[in-house]
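Peer 1: Build me a structure from this.
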Amino acid sequence: MKIGASTWLWVSPLTTDAAETLIPRIAEMGFGAVELPIEDPDLLDAKRIASMASNHGLDISVCGAFGPGRDLTHPDPKVRAATQDYLCRCFDFAAEVGAPLLGGPLYSEVGKRRQLPEAERRAEWNLAVAGIREACEEAAQRNLRIAIEPINRFETDLVHTAADAVRMAREVGHPAAGVMLDSFHMTIEEDDLAEAVRTAGDRLIHMQVSENQRGIPGTGQTNWPALAGALRGICYDGLVTIESFTPENRDLAAAVCIWNRRAPDQDTFARNGLEFLKQHFANAPS
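Peer 2: All right, here's what the predicted structure looks like:
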């Protein structure tokens, strides 16, 4: 397991210039990987970013951003088609920078929270499964996988737990379909962090972490020994990426409800988080 840092800790949306500024800093801090959120593919030059990461010895992971208009469960087929187009652009970027997967809650727009009749909920679930299956075909053509992320009840009404994500991946029925977990969402939705990891099992292909309050790992209530032990128990060998958000970007902070600063500055957040995680993930980079 290598420990990575998401550029969302510092900036949104990510641009090529921002990436070229952050990648050397992330490497200097001692991280083994950088996570690149793709809000707008037009802002990113894959070749330049890949070269910079390679020069600094960083692996790359890529996640999608599923705001308004990116929704595989939308009733309008034009919206679903536009979402597939966005996913294909993300796949192209991921392949060019050498990332192995695209992760995130790509089944529907983040923020959909509704009480639906069971028949409508199942219909949306089926749309998500069909859409992800189609996306898996595109991902596989680029030797990529998809990591389905469950997120908490305040951000979606569809996929909340490791068991939900595993069920969706199983129904997708494509070898490119995997699961990712995020300790922040897990502390809201799971009964037991270790059991959630075991539920994901060999489908788990990516791991994001922050504290239960979105703060620096080690400053909250997360049971880190249990989480790390469970990851070792399933022989997880992917990335463990710190994902939180900068309060300096008011639009992003409002979207993810970051109202309070969790560190004096974001570099401190990243450095302290890395040092803490090294204590629990024995094979993290030194």
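Peer 1: Just the strands from the protein, written as ranges.
Peer 2: In the chain, the strands defined using DSSP state E lie at 2-6, 33-38, 59-64, 101-104, 145-148, 177-182, 204-209, 239-242.
Peer 1: Paired strands for the third one, with orientation please.
Peer 2: Next to strand 59-64 in the sheet, as set by DSSP bridges, lie strand 33-38 (parallel), strand 101-104 (parallel).
Peer 1: about what we covered before: switch the strands of the chain over to TSV; also include mean pLDDT, distance to Q84 and mean neighbour count.
Peer 2: (Each C-beta comes from the backbone N, C-alpha and C, glycine too.) TSV is the format used below for the strands of the chain (pLDDT from 0 to 100; distance: least, Cβ to Cβ, whole Å; neighbours: other Cβ atoms under 10 Å):
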stretch	mean pLDDT	distance to Q84	mean neighbour count
strand 2-6	97	24	24
strand 33-38	98	15	24
strand 59-64	98	12	25
strand 101-104	98	13	26
strand 145-148	98	12	26
strand 177-182	98	15	26
strand 204-209	98	21	26
strand 239-242	97	25	25
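Peer 1: May I see the ones you listed arranged in TSV, with distance to K47 as well?
Peer 2: Below are the strands of the chain laid out as TSV (distance: least, Cβ to Cβ, whole Å):
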stretch	distance to K47
strand 2-6	21
strand 33-38	14
strand 59-64	13
strand 101-104	18
strand 145-148	22
strand 177-182	26
strand 204-209	24
strand 239-242	22
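Peer 1: And the helices in the protein, which stretches?
Peer 2: 16-29, 46-55, 77-97, 118-141, 162-172, 183-189, 193-200, 224-233, 250-255, 266-280 (DSSP state H).
Peer 1: Quick one: closest of those to G103.
Peer 2: G103 lies closest, by Cβ to Cβ, to one member of the helices of the chain: helix 77-97, at 9.7 Å.
Peer 1: what's the spacing between A177 and R232?
Peer 2: Distance from A177 to R232, counting by Cβ to Cβ, to the nearest Å: 24 Å.
Peer 1: Please apply the same query to L193.
Peer 2: For L193 relative to R232 (Cβ to Cβ), the value is 13 Å.
Peer 1: So for those two, which sits in the more crowded spot?
Peer 2: More neighbours surround L193 than the other of L193 and R232, with 23 against 16 (other Cβ atoms under 10 Å).
Peer 1: Wait, that one touches T222, no?
Peer 2: Yes - between L193 and T222 there is a contact under Cβ atoms under 8 Å: 7.4 Å.
Peer 1: Identify the contacts common to these two.
Peer 2: S183, T187 (Cβ atoms under 8 Å, 6 or more residues apart in numbering).
Peer 1: Tell me who's in contact with the residue nearest to K47 when sequence neighbours are not counted.
Peer 2: What sits nearest to K47 in space, not counting adjacent residues and going by Cβ to Cβ, 6 or more residues apart in numbering, is E96, at 6.7 Å. For E96, the contact set (Cβ under 8 Å, 6+ apart) comprises A46, K47, A50.
Peer 1: Also E190?
Peer 2: E190 touches T161, A162, A196, counting by Cβ under 8 Å, 6+ apart.
Peer 1: gap between the residue lying closest to E35 once chain neighbours are set aside and D40?
Peer 2: Leaving aside its sequence neighbours, E35 sits nearest to S6 (Cβ to Cβ, 6+ apart; 4.0 Å). Computed as Cβ to Cβ, the S6 to D40 distance reads 16 Å.
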